[in-house]
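# Next one to model:
(2 chains)
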Amino acid sequence: MMKYCDILVTGVGGQGIITFGRVLSSVYNKRGVRVMMAETHGMSQRGGSVEVHIRIGDIHSPLVPVGGADVIIGLELIETMRVLRYANKDTIVVANTRMIRPALPKINMPSPDELISKAESLGIKILTVNAHELALKAGSALSVNMVMLGGLVALDILPGKVTKKDFLDVISGLRMSEINSKAFEMGYDAVKTIL
Amino acid sequence: MPNSGESRSIMLLGNEAVAYGAVEAGLEFAAAYPGTPSTEIVETLFKLSKEYGFYVEWSTNEKVALEAAYGAAIGGVKSLVAMKHVGVNVAMDPLSTSAYTGVEAAFVVVSADDPDMWSSQNEQDNRWYGVRSYIPVLEAGSVLELKDVTIEAFKLSEKFKHPVILRTTTRLGHSRAPFNIGELVKRVPRGSIIKNPAKYSVIPAHARQLRRKLVERWLEIEKYMDTAGFNWIEGDGKYLIVTSGLAYGYVKDALSIMGIRNYKILKLSGMVPLPRRLVKKALDGVEKVLIVEELEPVVEVFLKSYAYDEGFSMEIHGKNLVPLTGELNLNKVCMALSKFFEVEYPYNPIKVNIEDFGLPPRPPVLCPGCPHRGTFYALRKAVAKAGVKPIYNGDIGCYSLGVLPPYNMQDTIVEMGGSIGFANGFAHILSDKEIPIAIIGDSTFFHSGLPPLVNAVYNLAPMLVLVMDNRVTAMTGAQPHPGTGFYQDGRDAPVIDIEDVARGMGVKHVIKFDPYNINEAVEKLTDALEIVKEQRIPVVAVAVRACSLYIDSIARRKGVERPLYSIDLEKCTACGICYNAFSCPAIVPLEDGKASIDPTLCVGCGECVYVCPYNAIHTIRPWTKEFESLWW
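Below you'll find the model as predicted:
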């Protein structure tokens, strides 16, 4: 088992990023493994950028260091790019290919393919998932967070031998648990096939 | 999400842990004004109060909250007051003298500081307030200690019958970590009348006596800090690292990541007053010292002075290696340690020049359906119609976001109540066509808008005071306030009506409008501005419409279907007014520039109907009586 694992989750306020973090931390807390999670609060409800830091293991502080993320999970592509400073050459980035337009007048949206190839050209390992489409297939656009959580678990790099079942147990306690479980499974399978 | 019974610990938000700690410590009275990052402390206390009997309230501002808790503590009841760091500025008058009088039971003041200004106007370090007011300051060494340190704050306060500042930060209060909850006991507050004017009526003759006793008590408190369980020395070595509050967690992690072994740590969770004897013990035999603290050099200033007094002459590093601005993180602490120990910095990020990516910014914006959007839109039109040149004196709340494009309608924002306050200055220095427009929220109006409004009436200050009344303290998560009509737990509360308040203060023209009816809003605001221009007096306009995010949450909870609007693409001319000038996040441009409404974001407010010049927006699921009944 790794000594600790640093995970950064990013996206847009309203995408369920905090729920993502709470499910993950609940799985570890149930096993008696120390986990800390830091959230941006206050203005995050208002459609701004949101970062959630999750650190698992024998740690005393909650923030993932710049250049120190083991995994970056991006629920929205622009926000994923915005946090690439947390990556090092071994970091795995799992990104939803979907972009959400910021509610600002007269902005130019970048192209997803260009963003991804720019990141790759810097030597960043990036796996992409169309989580929005999978979430709709599972039954709700709101379950993008669970698709991406499934994707994280599929990487098989989480410490402490946690299983898919550990996650599904916690997800079963959420609202819309059937859709969320399905979304989790679909995200898991999607990442397994591209690994 | 509740954890199952088999687990030993539960995951709590730091602020929740503070609340549990307070109840474990025997809390009987709590008061607060909401403010990020403190709000969840008292929200959690509201939830716990039903079962555990203590009294809890949202007060009108931090000074009132502090006085209520201070009064209760003088009456012999264990009390807590919580506020954000700048709220302590508001409460500073009574707090400054509270150490002189002391109290009869524990009195804990939670100051939730915001290093890095995640949601604040400054990053003041409130440990200084403890220094200048003779109030001890405790801060957890990491979020893991937050509950225990809260209990220690109550113990210390109870022992010395003296106020204690429990300092938290955004990173402590808004992190989640595992906690074990101890036994919670039901306590219904029962205080008593206190007749001790020599202690509690601070006339000069009494105050001089109290000040002498305070200085003596301060030395006793310093001794307590020397041996208290939350301060300690660990490890051994020639190099000493001194940590203040949450710096301890970062230092522990950084040392472990960097594989540094020969070091000594002086861990301080009680740093004001700095424990002199413990510091001396830690400095003995040390060659070099690094003080790691967030923001200001509070420990550094005192430690260097003590070291000089004691004749130490080793190198002492602090703010030369640890940045003075922003919150701490592992990068900053590792960098300081790498210089101090002369070892390699452990992180090697991929070099990303983020400008190359051409990413659009994503600031927080007004929510879909936000009534403030309609008010800003109408106000801009009214200003043009009335032919006035405005300065927009803004204030603290969701409407602060009006500073951003496309509105650009907050020319000054400094502090709670500053809108009307600043307008009192501009009113007397501008030409007749230039008018200050003070924009203030409902909760902020009650918090600190009343005295400056009285001033404007008395001193005949021409201004438009626009109260954006969304019925709740929306910015911090929809807490009720004196105008709301209900308490946090849903019980009915008396309503203090903003229009009545303004009239009672002598405002001659008070108007009210619904920002969802933009045409009416433009008309009424134009009239209001014309009165200000012609009669040179203050006019109050109240825009009344509840927070859409709050209504949406009730609608979801009650299963009430929201109305929905849609764009008629035949009529849409791709003019962009709805998504550029009005800028609702639920309206997005299609590839041809025509507008489209995202049904997952639209809350059905219908404001955009008034905005579209081509009548291209129509309802596909109209307002029902049930939905209408959610608003008040």
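
# Which residue ranges of the stretch 351-500 of chain B form helices?
All helices of the stretch 351-500 of chain B, identified by DSSP state H, counting those that start in this stretch, fall at B:371-386, B:418-426, B:442-444, B:450-458, B:498-504.

# Check chain A too.
Residue ranges of the helices in chain A, as given by DSSP state H, are A:17-30, A:77-82, A:112-121, A:131-138, A:144-154, A:164-171, A:177-194.

# Ok, which of the helices of the stretch 351-500 of chain B comes nearest chain A?
Judged by Cβ to the nearest Cβ, the one of the helices of the stretch 351-500 of chain B that comes nearest to chain A is helix B:371-386, at 10.1 Å. The C-beta positions use only the backbone N, C-alpha and C, and glycine is treated the same way.

# Deepest-packed of the helices of the stretch 351-500 of chain B, please.
helix B:442-444 (a mean of 27; mean count of other Cβ atoms under 10 Å in any protein chain shown).

# low-confidence ranges in the chain?
Using chain A. A:1-2, A:41-46 (pLDDT under 70).

# other chain: chain B
Looking at chain B by pLDDT under 70, you get B:1-7.

# Let's have the helices of chain A in JSON lines, adding distance to chain B.
Formatted as JSON lines, the helices of chain A follow (distance: least, Cβ to the nearest Cβ, whole Å):
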{"stretch": "helix A:17-30", "distance to chain B": "5"}
{"stretch": "helix A:77-82", "distance to chain B": "5"}
{"stretch": "helix A:112-121", "distance to chain B": "6"}
{"stretch": "helix A:131-138", "distance to chain B": "11"}
{"stretch": "helix A:144-154", "distance to chain B": "11"}
{"stretch": "helix A:164-171", "distance to chain B": "7"}
{"stretch": "helix A:177-194", "distance to chain B": "11"}
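
# Show me what residue of the stretch 151-300 of chain B gets nearest to chain A.
Closest point on the stretch 151-300 of chain B to chain A, by Cβ to the nearest Cβ, is B:G249, at 3.7 Å.

# Quick one: residues contacting that residue.
Residues in contact with B:G249, defined by Cβ atoms under 8 Å, 6 or more residues apart in numbering or on different chains, are A:60-61, B:141-144.

# one more time with 6 Å, if that's ok
B:G249 is in contact with A:60-61, B:142, counting by Cβ atoms under 6 Å, 6 or more residues apart in numbering or on different chains.

# Name the residue of chain A that lies nearest to chain B.
Proximity of chain A to chain B (Cβ to the nearest Cβ) peaks at A:G67, 2.9 Å away.

# Pick the most buried one from the helices of chain A.
The most buried one of those (mean count of other Cβ under 10 Å) is helix A:144-154, showing a mean of 28.

# Give me the nearest residue to the residue positioned nearest the centre of chain A, chain neighbours excluded.
The residue lying closest to the centre of chain A (Cα atoms, centre = their mean) is A:I73, at 3.1 Å. Counting by Cβ to Cβ, 6 or more residues apart in numbering or on different chains, A:I73 lies nearest to A:V9, which is 4.6 Å off, once chain neighbours are set aside.

# Contact partners for residue 187?
No chain specified, so I'll use chain A. By Cβ under 6 Å, 6+ apart, the residues touching A:G187 are A:147-148, A:150-151.

# wait, chain B
Taking Cβ under 6 Å, 6+ apart, we find B:R187 in contact with B:28, B:53-54.

# B:V215: which element?
Per DSSP states H and E: B:V215 is located in helix B:204-227.

# Any buried residues in that helix, and which?
Neighbour-count burial for helix B:204-227, with 16 or more other Cβ atoms under 10 Å in any protein chain shown as criterion, is recorded at B:206, B:210, B:214, B:217-218, B:221-222, B:224-226.

# Could you report the neighbour count for the closest residue to chain A within chain B?
Closest to chain A within chain B is B:P349: 2.9 Å, counting by Cβ to the nearest Cβ. Around B:P349 there are 18 other residues, counting by other Cβ atoms under 10 Å in any protein chain shown.

# Which of the three states applies to it?
What DSSP: H, G, I helix; E, B strand; the rest coil gives for B:P349 is coil.

# and B:D432, which of the helices of chain A is closest to it?
Proximity to B:D432 (Cβ to Cβ) singles out helix A:77-82 among those, at 47.2 Å.

# Point out the other elements, helices or strands, that the closest one touches.
Packing contacts for helix A:77-82, counted by 3 or more Cβ pairs under 6 Å, 6 or more residues apart in numbering or on different chains; DSSP states H and E, involve helix A:112-121.

# Break chain B down into its structural domains.
Structurally, chain B divides into domains by automatic domain parsing as follows: B:10-226, B:231-341, B:371-552, B:560-628.

# So which of those domains is nearest A:M186?
domain B:560-628 (19.0 Å).
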